[in-house]
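Participant: structure of the sequence below:
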Amino acid sequence: MKQAFWAVGLMMVAGQALAAPKPCEELKAEIEAKLKDKGVAAYSLEIVAKGSVTDKTVVGSCEAGSKEIVYQRQ
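Facilitator: Now for the predicted structure:
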């Protein structure tokens, strides 16, 4: 499970580098949909300033790289 999560996160980050900048809410909704499809139930996603959080996993970057979406399992 952990490996699959990291793979999804890395693919999203790599995809962001090639794609046009996305609004944070749109990217967050896409990540939530992927997590629900995988059956993940207890989690939180937050939009934060880049580099401001160290205890959670970064799963996406938005607003032209100025913000990050972080994941935490509950």
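Participant: just the element for the residue most central in space within the chain, please.
Facilitator: When the chain is reduced to its mean C-alpha position, the closest residue under Cα atoms, centre = their mean turns out to be Val59, at 2.8 Å. In this structure, Val59 is located in strand 57-62 according to DSSP states H and E.
Participant: Val70 too?
Facilitator: In this structure, Val70 is located in strand 67-73 according to DSSP H and E.
Participant: other SSEs contacting that strand?
Facilitator: Using 3 or more Cβ pairs under 8 Å, 6 or more residues apart in numbering; DSSP states H and E as the contact criterion, the neighbours of strand 67-73 among helices and strands are helix 24-37, strand 43-49, strand 57-62. C-betas here are computed from N, CA, C, even on glycine.
Participant: which stretches of the protein aren't confidently modelled?
Facilitator: 1-10, 13-20 (pLDDT under 70).
Participant: please redo it, this time with the cut-off set to 80
Facilitator: Low-confidence regions of the chain, defined by pLDDT under 80, span residues 1-21.
Participant: who does the strand holding Val70 pair up with?
Facilitator: Next to strand 67-73 in the sheet, as set by DSSP bridges, lie strand 43-49 (antiparallel), strand 57-62 (antiparallel).
Participant: ok, and what's touching it?
Facilitator: The contact list for strand 67-73, computed with Cβ atoms under 8 Å, 6 or more residues apart in numbering, reads 5, 9, 24, 27-28, 31, 40, 42-51, 53, 56-62.
Participant: cool, thanks, signing off.
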